[in-house]
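Trainee: Here's a sequence, model it:
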Amino acid sequence: NLNPLLDARLGYFLAVEQRFGKVIGVEIGGTYGKLAGTDNQTSGSGNSITSFTTNFQSQIMQGQLMVTFNFDGVMKGDPAVSPFIKFGIGYMSVNTSTDLKDANGVAYNYNKDGSIGYQQTYTVGGVPTTSFVTQRRDYKYESSMRNSASGSLVIPMMAGLDFTFGKHMTFLVGVGYTYC
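Mentor: Here you go, the predicted structure:
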């Protein structure tokens, strides 16, 4: 991929938490986002050269119910920064598509040199002529990849720091792992 920014996509996460006591709470949350990738590979062995190109975009939606452990309730005073740990259960849905055709519905033909195009033969004055027609990806992921699993139960886990700004505003920084 010549420009890695073409694979950048946004994601969103929203959650609401209710605490029971100083430390334990329950959180319900959801995630929506997209992932994308492009891979152009060329490998060779002896006189044989193999080219492989693939691309995808996946729409991801996840809902989850988590048990939270917030340690600001056991710290002295009203801390501006406190650790947290969360784990729970959820459901993740994935819808993956690929960009196999250009805007005119013509399938992409990836050449060994990395270019995209095809040979077109036509007749001019009774003489057959061949020319190379260059294609450009339109980045419209029109072909569904429905053969893959589309949803699964997941076990999300997260740990990090909670930064408090006033009574009702927090900013979380952490790492998460979702087991599928």
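Trainee: for the chain, what are the low-confidence residue spans?
Mentor: 1-6, 40-53, 114, 147-149 (pLDDT under 70).
Trainee: Give me the most central residue, it.
Mentor: Taking C-alpha atoms, centre = their mean, the centroid of the chain lies closest to Leu35, which sits 1.8 Å from it.
Trainee: out of everything not next to it in sequence, what's closest to that residue?
Mentor: Ser58 (4.7 Å; C-beta to C-beta, 6 or more residues apart in numbering). Placement of C-beta: from N, CA and C, glycine included.
Trainee: and the helix or strand where that neighbour lies, which residues are buried?
Mentor: Counting by DSSP states H and E, the element that carries Ser58 is strand 48-70. Residues 53, 55-58, 60, 62, 64, 66, 68, 70 are the ones in strand 48-70 that count as buried (16 or more other C-beta atoms under 10 Å).
Trainee: who does that strand pair up with?
Mentor: Partner strands and pairing direction for strand 48-70 (DSSP bridges) are strand 24-45 (antiparallel), strand 81-98 (antiparallel).
Trainee: Only the C-alpha atoms, please, for the longest one, written as PDB.
Mentor: Taking only C-alpha atoms (Å, rounded to 0.1, in the frame of the first residue of the first chain), the coordinates of strand 24-45 have been written out as PDB:
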ATOM      1  CA  ILE A  24     -17.500  -2.300  42.400                       C
ATOM      2  CA  GLY A  25     -19.800  -1.200  39.500                       C
ATOM      3  CA  VAL A  26     -21.600  -2.400  36.400                       C
ATOM      4  CA  GLU A  27     -21.000  -0.900  33.000                       C
ATOM      5  CA  ILE A  28     -23.000  -1.300  29.800                       C
ATOM      6  CA  GLY A  29     -21.200  -0.100  26.600                       C
ATOM      7  CA  GLY A  30     -21.000  -0.300  22.900                       C
ATOM      8  CA  THR A  31     -18.400   0.000  20.200                       C
ATOM      9  CA  TYR A  32     -18.900   0.900  16.500                       C
ATOM     10  CA  GLY A  33     -16.000   1.300  14.000                       C
ATOM     11  CA  LYS A  34     -14.400   0.100  10.900                       C
ATOM     12  CA  LEU A  35     -11.100  -1.600  10.100                       C
ATOM     13  CA  ALA A  36      -9.400  -1.600   6.700                       C
ATOM     14  CA  GLY A  37      -6.300  -3.100   5.100                       C
ATOM     15  CA  THR A  38      -4.500  -3.500   1.800                       C
ATOM     16  CA  ASP A  39      -1.800  -6.000   1.200                       C
ATOM     17  CA  ASN A  40       0.300  -6.200  -2.000                       C
ATOM     18  CA  GLN A  41       2.800  -9.100  -1.800                       C
ATOM     19  CA  THR A  42       5.300 -10.400  -4.400                       C
ATOM     20  CA  SER A  43       7.300 -13.500  -3.700                       C
ATOM     21  CA  GLY A  44       9.600 -15.500  -5.800                       C
ATOM     22  CA  SER A  45      11.500 -18.700  -5.900                       C
END
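Trainee: Before I go, just wanted to say thanks for your time.
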